[in-house]
Structure formats: C-alpha cells, structure tokens
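K.L.:
I'd like to go over a predicted model; first the sequence, then the structure.
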Amino acid sequence: MVWTLWRSGGSAAVTGHALARLREQLGLDELQRRVEVMGPAVSTWALMDWVEQAVVDPTPLVSVVLPTRNRAALLPRAIASVRAQAYPTWEIVLVDDASTDDTPAVVEGLQAELGPDRLRSIRAPQGGVCAARNHALASAKGSLIAYLDDDNTMHPLWLKVVVWAFAQRPDIDVVYGGIVVDDLLRVNRRDAGALPSYHLATFDRGRLASTNLADMGAIAHRPGLPEGRFDETLREMGDWDLLVRLTREKAPLVLPAIACFYHTDSPNRLSGGPTFEADRLRVRTKAQAP
C-alpha cells in the first residue's frame, strides 16, 4: 500500500490523512518498518523516473569494460543490454581472457554488427578477470568508465544515470548504484527459489573494510585515477578491492538507481570459488591498513 501511494502521488501522498490511516491499520512500529524498507526503493524510482525524462549532454563517451572467458552463449545477452542503453554514446572494450570455446567467433560476429568503434575486442593471455579488466582500462577511450560482467545485464538507464550524475557533481570521482539479484538463495549455491530482490548499500568506510558494498556492474568512475586499476593477484573480489582503494581519500556518490541485473544461474561463476577465503582476507587486510 505504501508503494502504491508513492507511485500514484509522490512522497507527499504518504502524509497527513494517508499516514494516519496506515498507522491505524498497521500500528506505528509496523508502519515505520515498512517505510524504512521502502525508502531506498522509492528514492530509486524517483531518481530513475527523473533521469529517464532528463536531457543530458550526449557527448561524453562511456567505456564499458567487459571481460569474458568461455561464455560464448551468454556474451550476446550482456552486449545486447549495452546496445539497449538510453544513453547513446558508449563503447564496449571487451577482453577475451584466452577463451577455449566459441567466444572468438561470437565476438567477431558481434563486432561485425556493431562496428569496431562500438565494440573493441582484445584477446589476452589467460590471466584472470582482474588482469582482463586492466587490459581493457589501458585501451579505454572514454571520459567515464563503467563495468559489466559477461553473465549479467545492464539496466537500460544505467549509463544515462552515470553521465547525469557526473554532470551534476563534477567534484565526484566515483559513483555506485544498486543491483537486482535474481535469486539471493542461489548466490551462495545453497538453495534456490527466492524472488528477485533489490540491493543498495549506503557508503560506510568502516563497513567497507569488512564487506563489499557494490557489485562490479554498479561501479563507475573517471578514468586515470591513481588507484583505478585491479589487483591481478585476486581471482575474486576485484570490485571490492577497487572500491576500497578508489574511495580511500574521497567518498563516492551513492546513486539510488538500478545499475545491473545480477544473474546467479550462469555456469562457472567465480563467486565462492576456491580462493574465496584467501581473497577476502587479502582485501580486508588492505582495507584496514592506514
């Protein structure tokens, strides 16, 4: 009911008589709990509705860094989500981390469709996802950098949100948004069957030292930042490590916006792999260092 009121009349609709009625029906504690839960979702709806109709400068080039390995069947879906962006000025910098499946042929076909200016591909020796991203960063031409993993998809408004946000806040170097996870139970490969859920963490330096706050596909930043490279010794958690270093001196702008859709049913996912504990300890140690 809270969500319906917000969607139909904005935040002012959940005031006065409407709030009084809800308090009578639910009780004060339950009403407060529901408003706290809906707050981030309502803010996200408001921002994304605003940016959808906003006029933004179409000239900044956004480089979308997309590493891949042996995901020939999934890669077209990821790239299609970039092609569907409301913001028109982007390039995909794709790095194939020595795939042994049909990925090179798939990339060649996609490049023929999009053209070499839209999809630039690099075939690299196998070095892991962090090394692949570094190859892409070295080749990126954009004035803004965004990310996408080959098993996820980008929200159609995300690049427009990113360009709009950096234009609104020229003092900011890093932003991150939220993600929609298809099945939270399946994230840790323990169960399945949860409904899709939205996740957006507020920025807290202390909390970031112990846990990640943003998925790779939800982070965007200006190019050429001193810490804007990936630790190639990490198999997992490159996004967490990058966010720790990029925000050490200056806080990011947290955007109440959906950046990407996180799919948990893809084969050969890196999350929860054999290096999980070692990588987590390494990132935590670096994050807690003065």
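P.N.:
Happy to help now that I have it. Nothing here was measured: the structure is a model prediction, and the numbers come from that model.
K.L.:
name all residues that make contact with the residue nearest the centre of the chain.
P.N.:
What sits nearest the mean C-alpha location of the chain, by CA atoms, centre = their mean, is residue 218, with 1.6 Å. Contact analysis of residue 218 by CB atoms under 8 Å, 6 or more residues apart in numbering lists 176-179, 259-260. In this view, the C-beta of every residue, glycine as well, is placed from N, C-alpha and C.
K.L.:
which outside residues touch stretch 156-164?
P.N.:
With CB under 8 Å, 6+ apart as the contact definition, stretch 156-164 has outside contacts at 47-48, 51-52, 54, 56-57, 60, 62, 64, 81-82, 84-87, 90, 144, 146, 175, 177, 220, 255, 257-260.
K.L.:
next, check the residues you listed against the strands and list the overlap.
P.N.:
The members of these that map onto strands under DSSP state E are 62, 64, 90, 144, 146, 175, 177, 220, 255, 257-260.
K.L.:
which of those residues ranks first by neighbour count?
P.N.:
For the ones in strands among the contacts of stretch 156-164, the largest number of neighbours (other CB atoms under 10 Å) sits with residue 259, at 31 neighbours.
K.L.:
does that one touch residue 155 like I think?
P.N.:
Yes: between residue 259 and residue 155 there is a contact at 6.1 Å, judged by CB atoms under 8 Å.
K.L.:
show me where this structure dips below the pLDDT cut-off.
P.N.:
Judged by pLDDT under 70, the chain has its weakly predicted residues at 1-40, 188-190, 267-273.
K.L.:
measure the residue nearest to the centre of the chain to residue 261 for me?
P.N.:
To residue 261, residue 218 is 11 Å away according to CB to CB, to the nearest Å.
K.L.:
swap in residue 87?
P.N.:
17 Å.
K.L.:
give me the more crowded residue out of those two.
P.N.:
residue 87 (19 against 16).
K.L.:
need the contact list for that one.
P.N.:
Contacts for residue 87 were tallied using CB under 8 Å, 6+ apart; they are 56, 58, 62, 159-160, 162-163.
K.L.:
likewise residue 56?
P.N.:
Residue 56 touches 87, 160, 163-164, 167, counting by CB under 8 Å, 6+ apart.
K.L.:
out of those residues, which end up buried?
P.N.:
Among the contacts of residue 56, the ones that count as buried by 16 or more other CB atoms under 10 Å are 87, 160, 163-164.
K.L.:
from these, which land in strands?
P.N.:
Using DSSP E, no member of these sits in strands.
K.L.:
so which of these is the closest to residue 43?
P.N.:
residue 164 (15.1 Å; CB to CB).
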